[in-house]
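Trainee: attaching a predicted model along with its sequence, questions to come.
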Amino acid sequence: MQTILLVIHLLIAIALIIVVLLQRSEGGALGIGGGGGLMSGRGAASVLTRTTAVLAACFIVTSIGLAILAEGSSEPRSVIEEVPAVPEAPVAPEPEEPSGPAVPLSE
């Protein structure tokens, strides 16, 4: 269920971005936009505005739904518990002492 809702959420987000980018720029802050396009006039503005509002409402609803599903799907856990323990480095064996008699140095 969570995966399906997440996919719907992503599709709504992409559609919302596209609809917002299609809208006519009114502020002209960057000096771009506002040129003639596929849709022009008041009718297009009201359709895009309504579409933006509907998509924004759907985006909020899916966000709340995902938050509710994420809360109830798992028990609280710590990030530290998920990290595997670091294995200790192997210890080199200690060298054995010679078992025979010591060889005297020449006198």
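Mentor: Thanks, I have it.

Trainee: name the nearest residue to residue 2, ignoring sequence neighbours.
Mentor: Of all residues not flanking residue 2 in the chain, residue 69 sits nearest, at 4.7 Å (C-beta to C-beta, 6 or more residues apart in numbering). No exception for glycine: its C-beta is placed from N, CA and C like everyone else's.

Trainee: distance-wise, check that neighbour relative to residue 14.
Mentor: According to C-beta to C-beta, to the nearest Å, residue 69 and residue 14 sit 21 Å apart.

Trainee: and the two? Which one has more around it.
Mentor: More crowded of residue 69 and residue 14, by other C-beta atoms under 10 Å: residue 69, with 14 against 11.

Trainee: for the chain, what's the longest helix?
Mentor: helix 42-73 (DSSP state H).

Trainee: for that one, buried residues please.
Mentor: Residues 48, 51-52, 55, 58-59, 62, 65 are the ones in helix 42-73 that count as buried (16 or more other C-beta atoms under 10 Å).

Trainee: sketch out the low-pLDDT regions of this protein for me.
Mentor: 26-44, 73-79, 81-85, 98-107 (pLDDT under 70).

Trainee: quick one: terminal-to-terminal distance for stretch 64-80?
Mentor: Its first and final residues considered, stretch 64-80 spans 28 Å by C-alpha to C-alpha, to the nearest Å.

Trainee: ah, wrong one, I meant stretch 66-80
Mentor: Distance across stretch 66-80, first residue to last, is 25 Å (C-alpha to C-alpha).

Trainee: going forward, begin numbering at 51 instead of 1
Mentor: Renumbered: residue one is now 51, and that last one reads stretch 116-130.

Trainee: once you drop chain neighbours, what's closest to residue 99?
Mentor: The nearest residue in space to residue 99 (C-beta to C-beta, 6+ apart) is residue 73, at 7.5 Å.

Trainee: what are the phi and psi values for that neighbour?
Mentor: The phi/psi pair for residue 73 (degrees, to the nearest 10) reads phi -70, psi 150.

Trainee: burial of it, as a residue count?
Mentor: Residues within reach of residue 73, counting by other C-beta under 10 Å, total 15.
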